[in-house]
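**Q** this one's structure only:
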């Protein structure tokens, strides 16, 4: 895990309880995610004050400003489901905002969570998470404006931890978590891959 000094022990020992991001299994491999440049869909720059609202687009950028993911989000919030009621399973390949987490805004006091699928058999937008590095930028567009977050840490976390007794579930103002199913060497794993970022716009 890159920049692990704060979270390494935590991620190694996290309890597998609560909900898990599911539905990402596959049977054939695709190439590893890359940081190839794509066109940005954002016309507006991050603003200083943005009222909370559901996000509708997510972008990932390198420190020099090159966009390598620009993805429309599923229009409805993701909710817990599955046989136990403790699974997060996005309705399609688009990333989705978890409706029980914080709503993105410059004054939001709760952690914001966006989850998406990752497959080994086909490409989905959040496959790009495994190409994210510390100091990259995550941009979330909402009906009220664009929010910018600086990436702090990236790495695997046991499935179920995000909705369980885990430090990353603490309600932290300005925190954003992106998560997918971790795929290694073309095979699904028992982990989610997690990007932790902190709000930079509006400060």
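**A** Now that the structure is in, tell me what you want to look at. In this text, all values refer to a predicted model and were calculated from it rather than measured experimentally.

**Q** please count neighbours and contacts with C-alpha atoms only from this point.
**A** Will do.

**Q** for residue 70, which non-adjacent residue is closest in space?
**A** Leaving aside its chain neighbours, residue 70 sits nearest to residue 59 (4.4 Å; criterion: Cα to Cα, 6 or more residues apart in numbering).

**Q** shouldn't that neighbour be in contact with residue 66?
**A** No - Residue 59 is beyond contact range of residue 66, at 10.2 Å (criterion: Cα atoms under 8 Å).

**Q** separation between residue 125 and residue 92?
**A** With distances taken as Cα to Cα, to the nearest Å, residue 125 is found 11 Å from residue 92.

**Q** which one's more surrounded, the two?
**A** It is residue 125, of residue 125 and residue 92, that has more neighbours when counted by other Cα atoms under 10 Å, with 21 against 13.

**Q** from residue 37, how far out is that one?
**A** Taking Cα to Cα as the measure, residue 125 falls 14 Å from residue 37.

**Q** what is in contact with these two at once?
**A** residue 69 (Cα atoms under 8 Å, 6 or more residues apart in numbering).

**Q** show me the helices in the protein, by range?
**A** 8-13 (DSSP state H).

**Q** list the residues that contact the residue most central in space within it.
**A** Against the mean C-alpha coordinate of the chain, by Cα atoms, centre = their mean, the closest residue is residue 178 at 1.2 Å. Counting by Cα under 8 Å, 6+ apart, residue 178 makes contact with 113, 114, 115, 116, 129, 194, 195, 196.

**Q** for residue 54, see how far away the closest residue to the fourth one other than its chain neighbours is.
**A** Once flanking residues are discounted, residue 116 sits nearest to residue 95: 4.1 Å by Cα to Cα, 6+ apart. Using Cα to Cα, we find residue 95 at a distance of 12 Å from residue 54.

**Q** kindly report the same for residue 119.
**A** For residue 119, the distance to residue 54 - Cα to Cα - is 25 Å.

**Q** higher neighbour count, these two?
**A** Shown here are residue 119 and residue 54; by other Cα under 10 Å, residue 119 has more neighbours (26 against 22).

**Q** residues in contact with residue 143?
**A** So residue 143 contacts 53, 54, 55, 56 (Cα under 8 Å, 6+ apart).

**Q** reformat those residues as a markdown table; add pLDDT and distance to residue 150.
**A** Output for those, formatted as a markdown table (pLDDT from 0 to 100; distance: Cα to Cα, whole Å):
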| residue | pLDDT | distance to residue 150 |
| --- | --- | --- |
| 53 | 97 | 20 |
| 54 | 97 | 19 |
| 55 | 97 | 17 |
| 56 | 97 | 19 |
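
**Q** which one of those is nearest to residue 79?
**A** Nearest to residue 79 out of these is residue 54 (Cα to Cα; 13.8 Å).
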